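Colleague: Dropping a prediction and its sequence here:
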Amino acid sequence: MTAREKLRRLFDAAIAAADPALCVPPHLPPDDGGRLIVIGAGKASAAMARAVEQHWSGPLEGLVVTRYGHGVPCERIEIVEAAHPVPDAAGEAAAARILMKVSGLGSADRVLALMSGGGSALLAAPAVGATLTEKRALTSALLKSGASIGEINCVRKHLSAIKGGRLAAAAWPASVLTLAISDVPGDGPAVIASGPTVADSTTCAEALQVLDFYRIEISPLLRQRLAAGELETPKAGDARLARSEFRLVASPRQMLEAAAAEALRLGITPLILGDAIEGEAREVGKAMAGMARASAQHGFPASRPCVLLSGGETTVTVKAPGRGGRNTEFLLGLALALDGALGVHALAADTDGIDGSEDNAGAFVGPETLVRARAAGLDPRAHLAGNDAWGFFAGLDDLLVTGPTRTNVNDFRAILVE
């Protein structure tokens, strides 16, 4: 088995561990024959909805919104597709309809919320005084700024009519059970899909601080409303959230543990570096190259054959109009730092199957990557400076293309030292 085949085996094991068909059913509420209203948002929400349908015999209705291309056929729950990561009118309309579905419910009603990564962009319900055009521009600016997912979601929640606990508040006094697949470092309920059903600890003041730190402009009206605290989110102790329960059904840690188990089956020693690693993608690549070199040369932090596994969500500060997501940029930084180190191979990919806005999940790196690139006339440093990691790996035919996986437990990185 080649090194690339081994890495692909590890990735496939990670994806299988987060399959909604397996991880959702054990957490469903008792099916007592009463009506269940299903709502949801995220790249995994359609597959989660299908899992609910297949295990629920009582009355069932609902609506979930997922990314274009990530839908699956459902019979009783409506599936809507919308844009990600920059919201569009379809996402705005879906969010408005979801709010309508949970409004006016009684204490005997039950709501099941299915949340996963991508839900923030897909639930596009601008706060009073904000427009979709403003939110699109703001989202684009935040994504290019290098802001962390927590910082981005802090701003999103305070400019939304549905995020940051507002969805559960709208459903009160009905009971709300949220089943979530985490794609965020730390698995914080308030961060996954910007926490539409849980209390929010961030403030309007903090949202303004994020905007000012990254020098992102907003309209004078929105700035004034944030400064006055008029767009504050529901906090812990809010009576409208008293009947809202949250359950995590799949996480980055679980997918890394599944990959580690598969590595052992292949006779490879796994070392999980962490499931919540953040930072500039190319710099994280440089740091992990040092660990891989140490393992290859000195048997530390692990002896060969070994695989260094990690998850989390790096960031890319976009300074040029190239193509590529954070995983391909990580790999290009890694390849440059490894400089052809013998026996070191790597795969990095987004577990939803889409790295950034391109058609690939990620890519592969091997000892021969830079030699092959130069033979093909590809300058790795120029591609990195141009934020064009996709173009670099496409030129080598080293992209990993899986199509939508319909789950999302954030980034998967595996560095194999043979």
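Modeller: That came in fine, so what should we check first? All values derive from a computational prediction rather than experimental measurement.
Colleague: what does the helix or strand hosting Cys154 contact?
Modeller: When elements are assigned from DSSP states H and E, Cys154 belongs to helix 149-158. Here helix 149-158 makes contact (Cβ atoms under 8 Å, 6 or more residues apart in numbering) with 120, 127, 138-139, 142-143, 163-164, 184-185, 188, 191, 194-195, 200, 202-204, 206-207, 210-211, 214, 226, 231-233, 313. For every residue, glycine as well, the C-beta is placed using N, CA and C.
Colleague: Can you tell me which of the residues you listed end up in helices?
Modeller: Using DSSP state H, Ser120, Leu138, Thr139, Leu142, Leu143, Cys204, Glu206, Ala207, Val210, Leu211, Leu226 are the members of those that sit in helices.
Colleague: among those residues, which ones are buried?
Modeller: Ser120, Leu138, Thr139, Leu142, Leu143, Cys204, Ala207, Val210, Leu211, Leu226 (16 or more other Cβ atoms under 10 Å).
Colleague: Tell me if I'm right that the fourth one and Ile216 touch.
Modeller: Yes: contact status for Leu142 versus Ile216: in contact at 6.5 Å, counting by Cβ atoms under 8 Å.
Colleague: and the closest residue to Asp339 other than its chain neighbours, what element?
Modeller: Spatial nearest neighbour of Asp339, excluding adjacent residues (Cβ to Cβ, 6 or more residues apart in numbering): Leu370 at 6.8 Å. If you go by DSSP H and E, Leu370 is part of helix 369-375.
Colleague: following that helix, which helix or strand shows up next?
Modeller: The first helix or strand that comes after helix 369-375 along the chain, using DSSP H and E, is helix 380-385.
Colleague: can you pull the buried residues of that next one?
Modeller: Residues of helix 380-385 classed as buried: Pro380, His383, Leu384 (neighbour count, 16+ other Cβ under 10 Å).
Colleague: need the contact list for the second one.
Modeller: His383 makes contact with Gly322, Leu332, Ala389, Gly391, Phe392, according to Cβ under 8 Å, 6+ apart.
Colleague: what does the last one give?
Modeller: Shown in contact with Leu384 (Cβ under 8 Å, 6+ apart): Arg282, Glu329, Leu332, Gly333, Leu336, Phe392.
Colleague: Could you say which of the residues you listed is surrounded by the most neighbours?
Modeller: Glu329 (31 neighbours; other Cβ atoms under 10 Å).
Colleague: what helix or strand is that one on?
Modeller: Using DSSP H and E, Glu329 sits within helix 326-338.
Colleague: Please name the strands paired to the next helix or strand after that helix in the sheet, noting orientation.
Modeller: Next in sequence after helix 326-338, counting helices and strands by DSSP H and E, comes strand 344-350. Its sheet considered, strand 344-350 pairs with strand 362-365 (antiparallel), strand 411-417 (antiparallel) by DSSP bridges.
Colleague: What residues sit buried inside the longest helix along the chain?
Modeller: Ranked by residue count and defined by DSSP H, the top helix of the chain is helix 281-298. Going by neighbour count (16+ other Cβ under 10 Å), the buried part of helix 281-298 is Ala281, Arg282, Val284, Gly285, Lys286, Met288, Ala289, Met291, Ala292, Arg293, Ser295, Ala296.
Colleague: What of stretch 313-331?
Modeller: Of all the residues in stretch 313-331, those buried under the rule 16+ other Cβ under 10 Å are 313-316, 318, 322-331.
Colleague: pLDDT on it, on average?
Modeller: Stretch 313-331 shows an average pLDDT of 92 in the prediction.
Colleague: which one among the contacts of Leu384 gets closest to His55?
Modeller: Nearest to His55 out of these is Glu329 (Cβ to Cβ; 39.7 Å).
Colleague: tell me the contacts of the closest one?
Modeller: Ala281, Arg282, Gly285, Thr314, Val316, Leu384, Asn387, Ala389.
Colleague: for Arg4, same thing?
Modeller: Contacts for Arg4 (Cβ under 8 Å, 6+ apart) come out as His345, Leu347, Phe364, Gly366.
Colleague: pLDDT and distance to Ala260 added to these, as CSV?
Modeller: Below are the contacts of Arg4 laid out as CSV (pLDDT from 0 to 100; distance: Cβ to Cβ, whole Å):
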residue, pLDDT, distance to Ala260
His345, 98, 17
Leu347, 98, 15
Phe364, 98, 20
Gly366, 98, 22
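Colleague: Please identify which pair of those lies farthest apart.
Modeller: Farthest apart among these - using Cβ to Cβ - are Leu347 and Gly366, which lie 10.0 Å from each other.
Colleague: so Val72 touches Val52, yeah?
Modeller: No: using Cβ under 8 Å, Val72 makes no contact with Val52, being 11.8 Å away.
Colleague: and the two? which has more neighbours close in?
Modeller: When Val72 and Val52 are compared for neighbours, Val52 comes out ahead with 24 against 17, by other Cβ under 10 Å.
Colleague: And the contacts of the helix or strand containing Gly274?
Modeller: Using DSSP H and E, Gly274 sits in strand 269-277. Residues external to strand 269-277 that are found in contact with it (Cβ under 8 Å, 6+ apart): 185-186, 251-253, 256-257, 259-260, 263-264, 284, 288, 291, 301-303, 305-312, 314.
Colleague: Bridged to Met115, which residues?
Modeller: Following DSSP bridges, Met115 is listed with bridge partners Ala41, Ala180.
Colleague: Check the gap between the residue nearest to Asp339 and Ala261 for me.
Modeller: Plainly put, Leu370 is 32 Å away from Ala261 if you go by Cβ to Cβ, to the nearest Å.
Colleague: more neighbours, these two?
Modeller: Set Leu370 next to Ala261 and count neighbours by other Cβ under 10 Å: Leu370 wins out with 17 against 13.
Colleague: which residues does Asp238 contact?
Modeller: Each residue near Asp238 by Cβ under 8 Å, 6+ apart is listed here: Gly165, Ala169, Ala199.
Colleague: and which of those residues is nearest Ser107?
Modeller: Distances from Ser107 to these, taken by Cβ to Cβ, are shortest for Ala169, at 14.8 Å.
Colleague: so what pLDDT did that closest one get?
Modeller: For Ala169, the pLDDT comes out at 97.
Colleague: of Leu347 and Gly366, who's got more company?
Modeller: Neighbours around Leu347 and Gly366, counted as other Cβ under 10 Å, are more numerous at Leu347. The numbers are 27 against 23.
Colleague: three-state assignment of the residue nearest to the more buried one when sequence neighbours are not counted?
Modeller: Nearest residue to Leu347, sequence neighbours excluded (Cβ to Cβ, 6+ apart): Leu7, at 4.0 Å. Using DSSP: H, G, I helix; E, B strand; the rest coil, the structure places Leu7 in helix.
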